[in-house]
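>>> Fold the following for me, if possible:
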Amino acid sequence: MELNLERPLLFFDIESTGLNIASDCIIELSFVKIFPGGEQRVKTWKVLPWDYATGKQKHIDEKASEVNGVHDEDLVGCPRFAQVLPEVGEWLADCDLAGYNSAKFDLPMLAEEIERARKYEGVDIGVDLHGKQMVDVQNIYHIMEPRNLRAAYRFYCGGEDFENAHTAEADTLATYEVLKGELDRYPDTLKNDVKFLANMSGRQKGVDFAGRLVWNDAGEAVVNFGKHKGRTARWVYENEPSYFDWIDGGEFCLDTKRQFALLREQFAKDKLVRKFNQGKLF
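As a prediction, this is how the structure comes out:
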(Lines give C-alpha, C1' and ligand atoms only; values in the text may rest on other atoms or scores of the structure.)
Protein backbone atom coordinates (compact mmCIF):
# COMPACT_ATOMS: atom_id res chain seq x y z
CA MET A 1 0.00 0.00 0.00
CA GLU A 2 1.40 3.39 -0.95
CA LEU A 3 1.28 6.16 1.62
CA ASN A 4 -1.58 8.62 1.63
CA LEU A 5 0.24 11.93 2.04
CA GLU A 6 -0.88 15.53 2.14
CA ARG A 7 2.72 16.73 2.35
CA PRO A 8 6.13 15.02 2.12
CA LEU A 9 7.10 12.41 4.70
CA LEU A 10 10.82 12.30 5.50
CA PHE A 11 12.18 8.95 6.69
CA PHE A 12 15.54 9.29 8.42
CA ASP A 13 18.17 7.28 10.24
CA ILE A 14 21.33 8.22 12.12
CA GLU A 15 24.60 6.45 12.89
CA SER A 16 26.53 8.03 15.76
CA THR A 17 29.69 7.94 17.86
CA GLY A 18 27.68 6.41 20.72
CA LEU A 19 24.33 6.45 22.49
CA ASN A 20 24.67 9.48 24.77
CA ILE A 21 22.54 12.14 23.11
CA ALA A 22 24.04 14.98 25.16
CA SER A 23 27.67 14.15 24.30
CA ASP A 24 27.80 11.88 21.23
CA CYS A 25 27.62 13.03 17.61
CA ILE A 26 26.14 12.10 14.25
CA ILE A 27 28.54 10.41 11.85
CA GLU A 28 26.04 9.43 9.15
CA LEU A 29 22.62 10.86 8.36
CA SER A 30 20.31 9.47 5.71
CA PHE A 31 17.03 10.92 4.42
CA VAL A 32 14.44 9.23 2.22
CA LYS A 33 11.80 11.81 1.30
CA ILE A 34 8.48 10.54 -0.01
CA PHE A 35 6.28 13.08 -1.77
CA PRO A 36 2.50 12.99 -2.33
CA GLY A 37 2.09 10.86 -5.43
CA GLY A 38 4.98 8.55 -4.54
CA GLU A 39 8.08 10.38 -5.75
CA GLN A 40 11.11 9.30 -3.72
CA ARG A 41 14.38 11.16 -3.11
CA VAL A 42 17.38 9.86 -1.15
CA LYS A 43 20.26 11.76 0.41
CA THR A 44 23.01 10.56 2.78
CA TRP A 45 25.70 12.61 4.50
CA LYS A 46 28.93 11.36 6.08
CA VAL A 47 29.72 13.76 8.92
CA LEU A 48 32.90 14.49 10.86
CA PRO A 49 31.90 14.27 14.55
CA TRP A 50 33.10 17.37 16.33
CA ASP A 51 33.90 17.93 20.00
CA TYR A 52 33.36 21.67 20.58
CA ALA A 53 35.00 21.54 24.02
CA THR A 54 38.37 20.41 22.59
CA GLY A 55 38.01 21.69 19.02
CA LYS A 56 38.88 18.26 17.68
CA GLN A 57 37.29 15.27 15.96
CA LYS A 58 35.29 13.22 18.46
CA HIS A 59 36.29 9.58 18.85
CA ILE A 60 33.79 6.91 17.79
CA ASP A 61 33.16 4.46 20.60
CA GLU A 62 34.47 0.99 19.73
CA LYS A 63 31.09 -0.58 20.49
CA ALA A 64 29.43 1.85 18.07
CA SER A 65 32.00 0.96 15.39
CA GLU A 66 31.24 -2.71 15.88
CA VAL A 67 27.60 -1.99 15.00
CA ASN A 68 27.88 0.60 12.22
CA GLY A 69 31.27 -0.37 10.78
CA VAL A 70 32.54 3.23 10.78
CA HIS A 71 35.91 4.17 12.32
CA ASP A 72 37.56 7.50 13.05
CA GLU A 73 39.81 7.38 9.99
CA ASP A 74 36.81 6.84 7.69
CA LEU A 75 35.55 10.36 8.41
CA VAL A 76 38.72 12.39 7.99
CA GLY A 77 38.00 15.12 5.45
CA CYS A 78 34.22 14.91 5.85
CA PRO A 79 32.32 18.12 6.66
CA ARG A 80 31.17 18.91 10.17
CA PHE A 81 27.42 18.79 10.80
CA ALA A 82 27.10 22.58 10.84
CA GLN A 83 28.55 22.70 7.33
CA VAL A 84 25.88 20.41 5.87
CA LEU A 85 23.07 21.79 8.04
CA PRO A 86 21.77 24.33 5.48
CA GLU A 87 21.19 21.50 3.01
CA VAL A 88 19.75 19.30 5.77
CA GLY A 89 17.39 22.17 6.60
CA GLU A 90 16.14 22.30 3.02
CA TRP A 91 15.25 18.62 3.21
CA LEU A 92 13.54 19.10 6.59
CA ALA A 93 11.38 22.02 5.47
CA ASP A 94 7.64 21.49 4.94
CA CYS A 95 7.50 17.79 5.75
CA ASP A 96 6.63 15.35 8.51
CA LEU A 97 9.08 12.79 9.90
CA ALA A 98 9.27 9.01 10.12
CA GLY A 99 11.84 6.50 11.31
CA TYR A 100 12.51 3.30 13.20
CA ASN A 101 12.97 3.94 16.93
CA SER A 102 13.57 7.54 15.88
CA ALA A 103 11.35 9.19 18.49
CA LYS A 104 13.62 7.92 21.28
CA PHE A 105 17.05 8.32 19.70
CA ASP A 106 17.41 9.65 16.16
CA LEU A 107 15.09 12.64 16.60
CA PRO A 108 16.65 13.81 19.90
CA MET A 109 20.14 13.31 18.41
CA LEU A 110 19.25 15.30 15.30
CA ALA A 111 17.77 18.06 17.45
CA GLU A 112 20.91 18.12 19.60
CA GLU A 113 23.20 18.52 16.60
CA ILE A 114 21.00 21.32 15.26
CA GLU A 115 21.19 23.06 18.64
CA ARG A 116 25.00 22.66 18.75
CA ALA A 117 25.32 24.20 15.29
CA ARG A 118 23.12 27.11 16.38
CA LYS A 119 24.96 27.65 19.68
CA TYR A 120 28.58 27.12 18.71
CA GLU A 121 28.71 27.98 14.99
CA GLY A 122 25.80 30.39 14.58
CA VAL A 123 23.97 28.25 12.02
CA ASP A 124 20.20 28.51 12.48
CA ILE A 125 17.99 26.91 9.85
CA GLY A 126 14.74 28.03 11.45
CA VAL A 127 13.17 24.56 11.39
CA ASP A 128 11.04 23.60 14.41
CA LEU A 129 11.27 19.83 14.80
CA HIS A 130 8.78 20.04 17.68
CA GLY A 131 6.11 21.20 15.24
CA LYS A 132 6.34 18.15 12.99
CA GLN A 133 4.36 14.92 13.07
CA MET A 134 6.64 11.98 13.94
CA VAL A 135 5.76 8.46 12.78
CA ASP A 136 7.84 5.88 14.64
CA VAL A 137 7.54 2.67 12.64
CA GLN A 138 9.10 0.63 15.45
CA ASN A 139 6.42 1.66 17.91
CA ILE A 140 3.69 0.63 15.48
CA TYR A 141 5.52 -2.63 14.90
CA HIS A 142 5.86 -3.31 18.63
CA ILE A 143 2.18 -2.63 19.13
CA MET A 144 1.22 -5.02 16.35
CA GLU A 145 4.09 -7.56 16.29
CA PRO A 146 6.86 -6.93 18.88
CA ARG A 147 10.38 -7.45 17.34
CA ASN A 148 13.27 -5.51 15.68
CA LEU A 149 13.89 -3.89 12.26
CA ARG A 150 15.46 -6.93 10.63
CA ALA A 151 12.62 -9.16 11.84
CA ALA A 152 10.10 -6.50 10.83
CA TYR A 153 11.53 -6.42 7.32
CA ARG A 154 11.35 -10.22 7.04
CA PHE A 155 7.81 -10.23 8.42
CA TYR A 156 6.34 -7.46 6.26
CA CYS A 157 8.53 -7.48 3.16
CA GLY A 158 8.73 -11.04 1.88
CA GLY A 159 10.80 -13.10 4.30
CA GLU A 160 14.29 -11.98 3.17
CA ASP A 161 16.89 -10.03 5.15
CA PHE A 162 17.78 -6.65 3.66
CA GLU A 163 21.37 -5.96 2.66
CA ASN A 164 23.76 -3.69 4.57
CA ALA A 165 21.81 -3.60 7.83
CA HIS A 166 23.09 -0.96 10.26
CA THR A 167 24.11 1.44 7.53
CA ALA A 168 21.97 4.56 7.75
CA GLU A 169 20.72 4.44 4.17
CA ALA A 170 19.83 0.73 4.18
CA ASP A 171 18.03 1.05 7.52
CA THR A 172 16.13 4.13 6.31
CA LEU A 173 14.98 2.49 3.07
CA ALA A 174 13.99 -0.67 4.98
CA THR A 175 11.97 1.43 7.43
CA TYR A 176 10.01 3.00 4.55
CA GLU A 177 9.23 -0.46 3.15
CA VAL A 178 8.19 -1.76 6.59
CA LEU A 179 5.71 1.08 7.11
CA LYS A 180 4.07 0.32 3.77
CA GLY A 181 3.97 -3.35 4.73
CA GLU A 182 2.31 -2.49 8.06
CA LEU A 183 -0.39 -0.53 6.24
CA ASP A 184 -1.00 -3.46 3.89
CA ARG A 185 -1.21 -5.99 6.73
CA TYR A 186 -3.47 -4.04 9.10
CA PRO A 187 -5.92 -2.10 6.90
CA ASP A 188 -8.67 -2.38 9.52
CA THR A 189 -6.45 -1.12 12.35
CA LEU A 190 -4.08 1.37 10.77
CA LYS A 191 -5.26 4.49 8.98
CA ASN A 192 -3.18 5.61 6.00
CA ASP A 193 -2.75 9.07 7.45
CA VAL A 194 0.43 10.62 8.87
CA LYS A 195 -1.29 12.33 11.81
CA PHE A 196 -3.00 9.06 12.84
CA LEU A 197 0.27 7.12 12.55
CA ALA A 198 2.19 9.78 14.46
CA ASN A 199 -0.37 9.76 17.27
CA MET A 200 -0.27 5.97 17.43
CA SER A 201 3.51 5.68 17.37
CA GLY A 202 4.72 8.99 18.73
CA ARG A 203 6.72 9.69 21.83
CA GLN A 204 5.16 10.68 25.14
CA LYS A 205 3.72 14.19 25.13
CA GLY A 206 7.15 15.72 25.51
CA VAL A 207 8.04 19.38 25.58
CA ASP A 208 11.66 18.42 24.92
CA PHE A 209 12.82 15.37 23.00
CA ALA A 210 14.59 13.85 26.02
CA GLY A 211 11.31 13.81 27.98
CA ARG A 212 12.54 15.93 30.87
CA LEU A 213 9.44 18.08 30.39
CA VAL A 214 6.02 16.77 29.35
CA TRP A 215 2.65 18.35 28.71
CA ASN A 216 -0.18 17.55 31.10
CA ASP A 217 -3.85 17.35 30.11
CA ALA A 218 -4.26 21.04 30.87
CA GLY A 219 -1.53 21.97 28.39
CA GLU A 220 0.99 22.89 31.08
CA ALA A 221 4.67 21.94 30.98
CA VAL A 222 5.45 19.53 33.82
CA VAL A 223 8.88 18.47 35.12
CA ASN A 224 9.29 14.74 34.47
CA PHE A 225 12.32 13.83 36.61
CA GLY A 226 14.07 14.48 39.89
CA LYS A 227 12.83 16.22 43.00
CA HIS A 228 10.22 18.31 41.16
CA LYS A 229 8.79 15.45 39.10
CA GLY A 230 5.05 15.98 38.63
CA ARG A 231 5.17 19.71 39.37
CA THR A 232 4.46 22.26 36.69
CA ALA A 233 7.41 24.21 35.38
CA ARG A 234 5.54 27.39 36.26
CA TRP A 235 5.29 26.28 39.92
CA VAL A 236 9.02 25.58 39.96
CA TYR A 237 9.76 28.98 38.40
CA GLU A 238 7.67 30.76 41.01
CA ASN A 239 8.98 28.78 43.99
CA GLU A 240 12.57 27.87 43.04
CA PRO A 241 13.70 30.01 40.08
CA SER A 242 17.33 28.94 40.60
CA TYR A 243 16.30 25.48 39.34
CA PHE A 244 16.28 26.91 35.81
CA ASP A 245 19.89 28.06 36.29
CA TRP A 246 20.78 24.56 37.48
CA ILE A 247 19.28 23.10 34.31
CA ASP A 248 21.17 25.58 32.13
CA GLY A 249 24.49 24.71 33.78
CA GLY A 250 23.92 20.97 34.06
CA GLU A 251 24.71 18.04 31.76
CA PHE A 252 21.43 18.12 29.90
CA CYS A 253 20.71 18.07 26.18
CA LEU A 254 20.79 21.49 24.55
CA ASP A 255 17.19 21.01 23.42
CA THR A 256 16.16 20.43 27.05
CA LYS A 257 18.00 23.56 28.15
CA ARG A 258 16.40 25.58 25.38
CA GLN A 259 12.88 24.45 26.26
CA PHE A 260 13.44 25.37 29.93
CA ALA A 261 14.84 28.73 28.81
CA LEU A 262 11.82 29.40 26.57
CA LEU A 263 9.49 28.57 29.44
CA ARG A 264 11.40 30.85 31.82
CA GLU A 265 11.19 33.66 29.26
CA GLN A 266 7.43 33.14 28.94
CA PHE A 267 6.90 32.98 32.70
CA ALA A 268 8.89 36.21 33.17
CA LYS A 269 6.72 37.97 30.57
CA ASP A 270 3.56 36.67 32.23
CA LYS A 271 4.82 37.99 35.58
CA LEU A 272 5.36 41.45 34.12
CA VAL A 273 1.89 41.44 32.56
CA ARG A 274 0.34 40.52 35.91
CA LYS A 275 2.20 43.34 37.66
CA PHE A 276 1.14 45.81 34.98
CA ASN A 277 -2.49 44.75 35.26
CA GLN A 278 -2.27 45.14 39.01
CA GLY A 279 -0.78 48.62 38.64
CA LYS A 280 2.46 47.61 40.36
CA LEU A 281 4.78 48.85 37.63
CA PHE A 282 4.04 52.52 38.35
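>>> From residue 115, how far off is the spatially most central residue of the chain?
The central residue of the chain, meaning the one whose C-alpha is nearest the mean C-alpha position (CA atoms, centre = their mean), is residue 107 at 1.3 Å. Distance check for residue 107 against residue 115: by CB to CB, to the nearest Å, it reads 13 Å. In short, each C-beta sits where N, CA and C put it, glycine included.
>>> Tell me where the chain has strands.
With DSSP state E, the ranges of strands along the chain come out as 9-16, 26-34, 40-46, 50-51, 56-57, 96-99, 134-136, 213-215, 221-223.
>>> can these go into CSV with extra columns for distance to residue 1?
CSV is the format used below for these (distance: least, CB to CB, whole Å):
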stretch, distance to residue 1
strand 9-16, 14
strand 26-34, 13
strand 40-46, 15
strand 50-51, 41
strand 56-57, 44
strand 96-99, 15
strand 134-136, 14
strand 213-215, 32
strand 221-223, 38
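>>> CSV for the ones you listed, including mean neighbour count?
Formatted as CSV, the entries for those read as follows, by neighbours: other CB atoms under 10 Å:
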stretch, mean neighbour count
strand 9-16, 25
strand 26-34, 23
strand 40-46, 15
strand 50-51, 18
strand 56-57, 14
strand 96-99, 24
strand 134-136, 25
strand 213-215, 17
strand 221-223, 21
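>>> wait, what's in contact with the residue nearest to the centre of the chain?
Residue 107 makes contact with 97, 99, 129, 134, 203, 209 under the criterion CB atoms under 8 Å, 6 or more residues apart in numbering.
>>> now do 10 Å
Each residue near residue 107 by CB atoms under 10 Å, 6 or more residues apart in numbering is listed here: 12, 14, 21, 97, 99, 101, 129-130, 132, 134, 136, 202-203, 209, 255.
>>> and for residue 107 and residue 115, which residues touch both?
A shared contact of residue 107 and residue 115, defined by CB under 10 Å, 6+ apart, is any residue touching both; here these are residue 255.
>>> before we move on, the earlier item: let me have the strands of the chain in JSON lines, extended by mean pLDDT.
Conversion of these to JSON lines gives the following (pLDDT from 0 to 100):
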{"stretch": "strand 9-16", "mean pLDDT": "97"}
{"stretch": "strand 26-34", "mean pLDDT": "98"}
{"stretch": "strand 40-46", "mean pLDDT": "97"}
{"stretch": "strand 50-51", "mean pLDDT": "96"}
{"stretch": "strand 56-57", "mean pLDDT": "96"}
{"stretch": "strand 96-99", "mean pLDDT": "97"}
{"stretch": "strand 134-136", "mean pLDDT": "95"}
{"stretch": "strand 213-215", "mean pLDDT": "94"}
{"stretch": "strand 221-223", "mean pLDDT": "96"}
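>>> mind checking which of the ones you listed is nearest residue 265?
Between residue 265 and the strands of the chain, the shortest gap by CB to CB is with strand 221-223, which sits at 12.6 Å.
>>> Now do that closest one: everything it contacts.
Taking CB under 10 Å, 6+ apart as the criterion, the residues outside strand 221-223 that touch it are 205-208, 212-216, 228-237, 243, 247, 259-260, 262-263, 266-267.
>>> Type out the ChimeraX command that picks the buried ones from those residues.
Selecting just the buried residues from these in ChimeraX takes one command, with 16 or more other CB atoms under 10 Å as the test:
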select :206,207,208,212,213,214,228,232,233,234,236,237,243,247,259,260,263,267
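>>> and the longest helix for this structure?
Using DSSP state H, we find that the single longest helix of the chain is helix 254-277.
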